[in-house]
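Visitor: Sequence below, structure please.
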Amino acid sequence: MRIAFGADHAGFELKTLLAGRAAELGHEVLDLGTSSTASVDYPDFGYAVGEAVASGRADRGVVVCGTGIGISIAANRVRGARAGVATDLFSAQLMREHNDANVLGLGARVTAVPLATAILEAFLITPFAGGRHQRRVDKLDAPPPSAQGESR
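Guide: Residues are numbered from 1 along each chain as shown. Okay, here's the model as predicted:
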């Protein structure tokens with residue numbers, strides 16, 4: 001798989017480690033930044049990863065900031081990106097199995113490196129279960145007008 005990675009300054013070091021692990025596992029890595037611990041704005045990198053996944057330039061994405069929350073919100077603003085924050089292995093597995101999540105959010109300030117690495121691996125190997133979950137994922141990709149900020 002081709003996996004897009006993006007992080008802000010707080011997530012730079014964890015992103016770099018996880019991208020290295022993905023490459024070790026045989027995946028192609030698309031590093032969309034940032035490239036240092038200098039202060040940057042997390043939405044820029046969340047959008048970049050979301051766009052890479054939604055456009056098909058990447059099969060999956062990984063976004064990292066201090067908590068994983070802000071950068072995941074940014075990725076989710078891109079139609080076709082389905083990001084979720086995982087803080088444990090069970091969540092990482094279910095976000096793939098039930099939600100067909102294609103972007104993993106991690107918090108560098110709240111998740112230890114060994115756990116983050118295990119979460120990444122679970123996210124990458126867990127398939128989408130399909131079946132009854134497919135109609136729900138279809139709804140995620142086509143929200144009703146009321147959820148798009150339009151009045152009825």
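
Visitor: Buried ones in the least confident helix or strand in the chain by mean pLDDT, by neighbour count?
Guide: Lowest on mean pLDDT, DSSP states H and E among the helices and strands of the chain sits helix 134-141, with a mean of 89. Across helix 134-141, burial judged by 16 or more other CB atoms under 10 Å covers Val137. C-beta here means a position set from N, CA and C on the backbone, and glycine is covered the same way.

Visitor: So Gly61 versus Asp138, what's the distance?
Guide: Note on Gly61: its distance to Asp138, by CB to CB, to the nearest Å, is 20 Å.

Visitor: how about low-confidence regions in this protein?
Guide: 148-152 (pLDDT under 70).

Visitor: do that again at 50, thanks
Guide: Low-confidence segments of the chain (pLDDT under 50): 151-152.

Visitor: Which parts of it are helices?
Guide: For the chain, the helices defined by DSSP state H occupy 12-24, 42-55, 69-76, 89-97, 113-125, 134-141.

Visitor: Who are the packing partners of the third one?
Guide: So that's helix 69-76. Here helix 69-76 touches helix 42-55, strand 60-65, strand 83-85, strand 103-107, going by 3 or more CB pairs under 8 Å, 6 or more residues apart in numbering; DSSP states H and E.

Visitor: Quick one: residues contacting the residue nearest to Ala86 when sequence neighbours are not counted.
Guide: Nearest-residue entry for Ala86: Ala92, 4.0 Å, with adjacent residues in sequence omitted and distances by CB to CB, 6 or more residues apart in numbering. Neighbouring residues of Ala92 by CB atoms under 8 Å, 6 or more residues apart in numbering: Ala86, Leu104, Ile119, Leu120, Ala122, Phe123, Thr126.

Visitor: Please apply the same query to Ser91.
Guide: Ser91 makes contact with Gly84, Val85, Ile119, according to CB under 8 Å, 6+ apart.

Visitor: What residues does the closest residue to Ile73 other than its chain neighbours make contact with?
Guide: The shortest distance from Ile73 to any residue other than its chain neighbours is 7.1 Å, reached at Gly46 (CB to CB, 6+ apart). Contacts for Gly46 (CB under 8 Å, 6+ apart) come out as Gly6, Val63, Cys65, Gly70, Ile71, Ser72, Ile73, Ala74, Ala75, Arg77, Ala83.
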